[in-house]
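**Student:** task: produce atomic coordinates for the following.
(chains A and B, ligands or ions: 2)
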Amino acid sequence: MPDQKADGRRFETGHNHAEAEKLLFDEAQHLDDKEWGAWAELYEADAEYWVPSWLDEYELVTDPDTQVSYIYHTSRAQLQERIGRIQSRKSITALPLPRTLHMISNVVLTDIDDRNIDARSCWTTHVFDPRTRRQHLHFGTYRHRLILSDGRYRIARKKIIIMNDCIPTVVDFYSI
Amino acid sequence: MNVHTPLDGLIDDRPSDKAFHVSRSAFTDPDIFDLEMKHIFEATWSFVGLETQIPRPHDYITTFIGRQPVLLMRDGEGNIGCFLNTCRHRATMVCPFKRGRQKFHVCRYHGWAYDSAGRNISVTDKDDGQYPADFDNADRNLFPVARLESYRGLIFASLSADVPSLSDYLGDARAFIDLVADQSPVGQLEFVPGDITYTFDANWKLQFENGLDYYHFNSTHSSYVDILAQRTKSGDATGFTSERADEVEGQGSFNFSNGHAVNWSIKRQMRYGRALASDPDGLAEVKARVGDTRLKWMLRQRNLTIFPNLQIIDISSAQLRTWRPLSADKTEMTSHCLAPVGESPAARRFRIRAYEDFFNPSGLATSDDNVMYEFCQTGYAAQAGDTLGHLRGLDPGIGLPGDHVSELGISPVDYAFGKPGFGGETNFHSGYREWRRLLQHATGEAADA
Ligand code: FES
Ligand SMILES: [Fe+2]
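**Tutor:** Ligands and ions are numbered 1, 2, ... in the order given. Here you go, the predicted structure:
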């Protein structure tokens, strides 16, 4: 393992772990603040966004081409399609939009090579639906693949595992 | 004696006056919910699973019929059995897993054991002499369901023996199961792996109605319609099909006996591609096997409801969904991506992506439906008069005679066909008539007793 300095900088690969970790928190904040454009900009144009389903009590699906996922997108444009839908004021799932609060912790970063870092983290999202006055909680783990391009990190891949997968009514990119 | 039942006035069905109303309380009253569970879900055929979910000896899945837990399994000889998932000793759920493969199911409480045919094979410490003398004569096997039959690999069970054969129960709705199953070169259907379960806080009949409701598509799903239009512009036409120029465009429905119904549409130009048409070789194989007419029907959108708990939607992808009513205002849904066994990997990929796109609480269309049911449930609580929600199509006017019935070789109990925006609601009526028949049958018996 390369030496790590107190400021989080790893000299061998040149990755800045503090900045990489901040990206996860920025993403959560964009979602909670409904800054959809800024959120989508965190993703590479060909980013993979994957919310696998569960095969049974223990196993997640492993192959989106032969198994069912909640969401499987392979471009930022598909995320923007979802954004466009909730911004159109034509989807009842977004009228009104729930308030959400994302919490992320237990972040573990692993350098892959000069450009890529993998991040594993734990997340919870509290969702309050003003329409029904109901609140619920989604929780699970994230796996981010971050890529250093033009001096900043972006998301090349994100896998969202939902642990409590009996879904109340609706789940979308802003609530997980 | 005239016994007042809670069913009085729930359905106002007067064909000669062209009147059909369903009382709001049918959606909200907990007493009616209890009657529905006992006399509908636990008294007629329910879909419980696919044979392909338990292909090998000792494979099993667990599910529910109404409120009652059941264990569906294949024994060592390959026979399928369905048993109440409750121990003979003190009622413990014998199998706590969703699916798996086991020769024996050992109850965790005191260790009684059952084999995959449901036979009790061991009572812990039975030989130490503490049981009464006639205990050996007691039936200790798992309780089998009263009736269990399959059609095209779809397994149905009934907790009541007082039901017609499955074949008679399904009647001409079978033709529409065939249109899905025959898309497979080996005539078999399977679920694409991956479980999706969700709930909505509304009555199960909102799902029953919605699956037969074309009227809502352009309003409820207008954001999705926009997305489809945008995608068409960007030009990916994979799997797109068209009807022959001499077909009259329109939207129609068939009502069958025992509460089943299907609606379908004939569109010169579809709004989305079809998994079946996304693979030219696969399509050619199906065409050679089933002929032009049945292929034409396979490529039309068809929403099939098998009363009371099953819908099969065949559009860009195919979905099989079932529901488990939890209370008058809460329903648990299980959704599967349904696929013909043996389709090409490319068609399968297309099917899965199209399924995720539309369906489920994470899809771009179903999520809107789920929220809409909750709006309805809130609205049904209003102590107002009957809704006007079951009348559209009662005076069809625009109805056209078609070859639809003869092409399919069926004799539906009712038939409607109109313009593409027809969106009739008379296709809910068969389900409601069966609903009322089962409830009256049951409460009538109670009154005589
Ligand atoms: S309850 Fe099953 S062994 Fe006692
Ligand atoms: Fe819908």
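
**Student:** and the longest helix seen in chain A, what's buried?
**Tutor:** Longest helix in chain A, counting residues (DSSP state H): helix A:17-32. Within helix A:17-32, the residues scored as buried using 16 or more other Cβ atoms under 10 Å in any protein chain shown are A:17, A:19, A:20, A:21, A:23, A:24, A:26, A:27, A:28, A:30, A:31, A:32. C-betas here are computed from N, CA, C, even on glycine.

**Student:** closest one to chain B out of those, please.
**Tutor:** Within the buried residues of helix A:17-32, proximity to chain B (Cβ to the nearest Cβ) peaks at residue A:31, which comes in at 15.4 Å.

**Student:** burial of the residue nearest to that closest one when sequence neighbours are not counted, as a residue count?
**Tutor:** Leaving aside its sequence neighbours, residue A:31 sits nearest to residue A:174 (Cβ to Cβ, 6 or more residues apart in numbering or on different chains; 5.2 Å). Residue A:174: 22 surrounding residues under other Cβ atoms under 10 Å in any protein chain shown.

**Student:** now do the same contact list for residue A:174.
**Tutor:** A:31, A:34, A:86, A:97, A:98, A:100 (Cβ atoms under 8 Å, 6 or more residues apart in numbering or on different chains).

**Student:** got it, and residue A:60?
**Tutor:** A:52, A:53, A:54, A:161.

**Student:** and the strand or helix carrying the last one, what's buried?
**Tutor:** Assessed by DSSP states H and E, residue A:161 sits inside strand A:152-162. By neighbour count with 16+ other Cβ under 10 Å, strand A:152-162 contains the buried residues A:153, A:154, A:155, A:156, A:157, A:158, A:159, A:160, A:161, A:162.

**Student:** what's the answer for stretch B:324-336, then?
**Tutor:** Buried-residue list, stretch B:324-336, by 16+ other Cβ under 10 Å: B:324, B:325, B:328, B:329, B:330, B:331, B:332, B:333, B:334, B:335, B:336.

**Student:** same deal with stretch B:262-277?
**Tutor:** B:262-267, B:270-277.

**Student:** between these, which is closest to ligand 1?
**Tutor:** Nearest to ligand 1 among the buried residues of stretch B:262-277 is residue B:262, at 43.4 Å by Cβ to the nearest ligand atom.

**Student:** which of the contacts of residue A:174 fall in helices?
**Tutor:** A:31, A:86.

**Student:** for PyMOL, what selects the buried ones among the contacts of residue A:174?
**Tutor:** The following PyMOL line selects those of those that are buried, judged by 16+ other Cβ under 10 Å:
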select buried, chain A and resi 31+86+97+98+100
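
**Student:** what would the contacts of residue A:174 look like in CSV with pLDDT?
**Tutor:** Below are those laid out as CSV (pLDDT from 0 to 100):
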residue, pLDDT
A:31, 98
A:34, 98
A:86, 95
A:97, 95
A:98, 96
A:100, 98
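
**Student:** which residue is nearest the centroid of chain B?
**Tutor:** residue B:310 (0.6 Å; Cα atoms, centre = their mean).

**Student:** what is the burial count for the nearest residue to it once chain neighbours are set aside?
**Tutor:** Of all residues not flanking residue B:310 in the chain, residue B:47 sits nearest, at 4.0 Å (Cβ to Cβ, 6+ apart). For residue B:47, the neighbour count with other Cβ under 10 Å is 21.

**Student:** and the helix or strand containing residue B:47, what does it pack against?
**Tutor:** In this assignment (DSSP H and E), residue B:47 forms part of strand B:46-50. Applying 3 or more Cβ pairs under 8 Å, 6 or more residues apart in numbering or on different chains; DSSP states H and E, one finds that strand B:46-50 contacts strand B:59-65, strand B:68-74, strand B:154-158, strand B:189-191.
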